[in-house]
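**Q** Predicted model follows, preceded by the sequence.
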Amino acid sequence: MSRRALTAREAGLLSCHVCGQLARPPEGAVHSLRCPRCRAPMHLRKPASVSTTWALLIASIVMFLPANLLPVMTTTSLLGSQQDTIMSGVVFLWQSGSWPLAAVVFFASVMVPLLKIIALVYLTLSVQRRSTQNLLQRTRLYRLVEFVGRWSMLDIYVITMLVALVSFRGLATIEAGPGAIAFGAVVVLTMFAAMSFDPRLIWDPLAGRSTDPHPAHHD
Amino acid sequence: MPAPAAHLKLPADLVACHECDLLQTEPALLPGQTARCARCDAFIARNPPDSLDRTLALTLTALVLYVIANAWPLVGLDMQGRVVAVTLFEAVQVLWRDGMMPVAALVFGTAILFPLLELVMILLVLVPLRLGRVTPRMAPFFRLVRSLKPWGMVEVFLLGMLVSLVKLSHLATVILGTAFWATAALILALTFAGRAFDTRLLWQTPLSDEAAGVLVTSR
């Protein structure tokens, strides 16, 4: 990789996140800039990226516990009543022999949210430390986090369909539990956290601290 | 509004990578080719053949499938002669009535509202373009398409539905409804529409000389 490669920021240019237009900000103007082509708000980097990502990450870590400990649904049948957490749902699938689906649900509902939080914590910390290690790997990790995040919604849909379908009064009913709300919150919060992280911050330390005409603002 | 900076003509093919900010020249792409960032391998641009017509055709197809997927029952359950069948919206209503408003709202947004909005917005942008009427007014619609995209989760929903059906298969006979197949087809149409869409089509109108390379400051 050439060290002489120039970034838009080093060239004093902003790129529009919507249409890709490059533009040079007028002298002294930093705030409320808009793209000359599509009128989208323009920023050098996502505003307050690091602090916003941290806030959303902390919120999702807080919600992660009730999401996994509280029951996500209650099944009432002739045999009695049974409460299920995310994990016991996976165990049920495993024991009933559908282990490919058990693996899918375990991955989407347990592993993805957990690994996503860990990955974003690592990415945000490394950006704050202005690390110049593993730049490409970290960018790939970010892409992966963005790509797989949506699949954690799986269990929310499973619960929705189970609750809607199993409503045979007297025979069996399924109701959603409070864990489902917390779980939905984790999915939404981690998605927002991934969106607020600016992957360009990973590469910014390469520009060099001394020669940088526009120092990055890590709020 | 601050005075425009010294006139600056940027080469039209100069782009900054959205993920690492590297300035580079976007190569002329043959139909079917994709350009990626020289440094971080991020997606830069694609030249899908016959983009406008194909995207329009696939989006209209998706809209028809969307209507079917939402108007007909998704799945039914036959338990000792008692049949329950639900549409997606009815499933959301059951959750809402059970007091799971946040979860119901999440499912309504990600599986019903946002996919529809995305389809409508794409049509609002592409139909005028197809008719040769390019207005700057379509830019906000396109921005909305972009921000809605991560929140439309039809494919996750379909997998969630499959998981719930496996969980129920020991309990009752599962009947796949018309909307189930329509949803599966909708996912294909959405995927291919996304692949066929060359967003550069939207920004082909050249900027006026004064606007090129100079940022507009709002208010």
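**A** Thanks, I have the structure now.
**Q** Any idea how far the helix or strand containing residue A:113 is from the middle of the chain?
**A** When elements are assigned from DSSP states H and E, residue A:113 belongs to helix A:112-128. In terms of C-alpha atoms, centre = their mean, to the nearest Å, the centre of helix A:112-128 is set 9 Å apart from its chain centre.
**Q** before we move on, what about stretch A:74-85?
**A** Worked out by C-alpha atoms, centre = their mean, stretch A:74-85 lies 32 Å from the chain centre.
**Q** distance between the ends of that stretch?
**A** Start-to-end span of stretch A:74-85 (C-alpha to C-alpha, to the nearest Å) is 9 Å.
**Q** Residue of chain A nearest chain B, please.
**A** residue A:157 (2.7 Å; C-beta to the nearest C-beta). (Glycine included, C-beta is placed from N, CA and C.)
**Q** what are the phi and psi angles of the closest residue in space to residue A:181 that isn't next to it in sequence?
**A** Nearest non-adjacent residue to residue A:181, counting by C-beta to C-beta, 6 or more residues apart in numbering or on different chains: residue B:102, 5.0 Å away. Phi and psi for residue B:102, reported as degrees, to the nearest 10, are phi -60, psi -40.
**Q** ditto for residue A:77
**A** phi -140, psi -170.
**Q** Skip the chain neighbours and tell me the closest residue to it.
**A** Nearest non-adjacent residue to residue A:77 (C-beta to C-beta, 6+ apart): residue A:172, at 4.0 Å.
**Q** now the helices: where do they sit in chain B?
**A** With DSSP state H as the criterion, chain B has helices at B:51-71, B:88-97, B:101-107, B:114-130, B:139-148, B:154-168, B:178-196.
**Q** In TSV, list the ones you listed along with mean neighbour count and mean pLDDT.
**A** Formatted as TSV, the helices of chain B follow (neighbours: other C-beta atoms under 10 Å in any protein chain shown; pLDDT from 0 to 100):
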stretch	mean neighbour count	mean pLDDT
helix B:51-71	19	95
helix B:88-97	19	93
helix B:101-107	21	95
helix B:114-130	20	90
helix B:139-148	18	86
helix B:154-168	22	91
helix B:178-196	19	94
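**Q** Make TSV out of the ones you listed and add distance to residue A:201.
**A** Listed next are the helices of chain B as TSV, based on distance: least, C-beta to C-beta, whole Å:
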stretch	distance to residue A:201
helix B:51-71	32
helix B:88-97	38
helix B:101-107	29
helix B:114-130	28
helix B:139-148	21
helix B:154-168	29
helix B:178-196	27
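**Q** if we compare those helices, which one ends up closest to residue A:149?
**A** helix B:154-168 (10.3 Å; C-beta to C-beta).
**Q** Convert the closest one to PDB, retaining C-alpha atoms only.
**A** Output in PDB follows, covering the C-alpha atoms of helix B:154-168 (Å, rounded to 0.1, in the frame of the first residue of the first chain):
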ATOM      1  CA  VAL B 154     -38.200  -9.400   4.500                       C
ATOM      2  CA  GLU B 155     -35.600 -12.200   4.100                       C
ATOM      3  CA  VAL B 156     -35.000 -12.400   7.800                       C
ATOM      4  CA  PHE B 157     -38.700 -12.600   8.300                       C
ATOM      5  CA  LEU B 158     -39.100 -15.500   5.900                       C
ATOM      6  CA  LEU B 159     -36.400 -17.400   7.800                       C
ATOM      7  CA  GLY B 160     -38.000 -16.600  11.100                       C
ATOM      8  CA  MET B 161     -41.300 -17.900   9.700                       C
ATOM      9  CA  LEU B 162     -39.600 -21.200   8.700                       C
ATOM     10  CA  VAL B 163     -38.100 -21.600  12.100                       C
ATOM     11  CA  SER B 164     -41.500 -21.100  13.800                       C
ATOM     12  CA  LEU B 165     -43.100 -23.600  11.400                       C
ATOM     13  CA  VAL B 166     -40.500 -26.200  12.300                       C
ATOM     14  CA  LYS B 167     -41.200 -25.600  16.000                       C
ATOM     15  CA  LEU B 168     -44.900 -26.100  15.400                       C
END
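**Q** helices and strands around that helix, which ones?
**A** helix A:86-95, helix A:99-105, helix A:154-165, strand B:75-79, helix B:178-196 (3 or more C-beta pairs under 8 Å, 6 or more residues apart in numbering or on different chains; DSSP states H and E).
**Q** Pull the residues that contact the helix holding residue A:113.
**A** The contact list for helix A:112-128 (C-beta atoms under 8 Å, 6 or more residues apart in numbering or on different chains) reads A:50, A:53-54, A:57, A:60-61, A:64, A:67, A:133-134, A:138, A:141-142, A:144-145, A:148-149, A:151-152, A:186-187, A:190, A:193-194, A:197, A:201-202, A:204, A:218.
**Q** The residue nearest to residue A:77 pairs with what?
**A** Beta-bridge partners for residue A:172, by DSSP bridges, are residue A:77, residue A:168.
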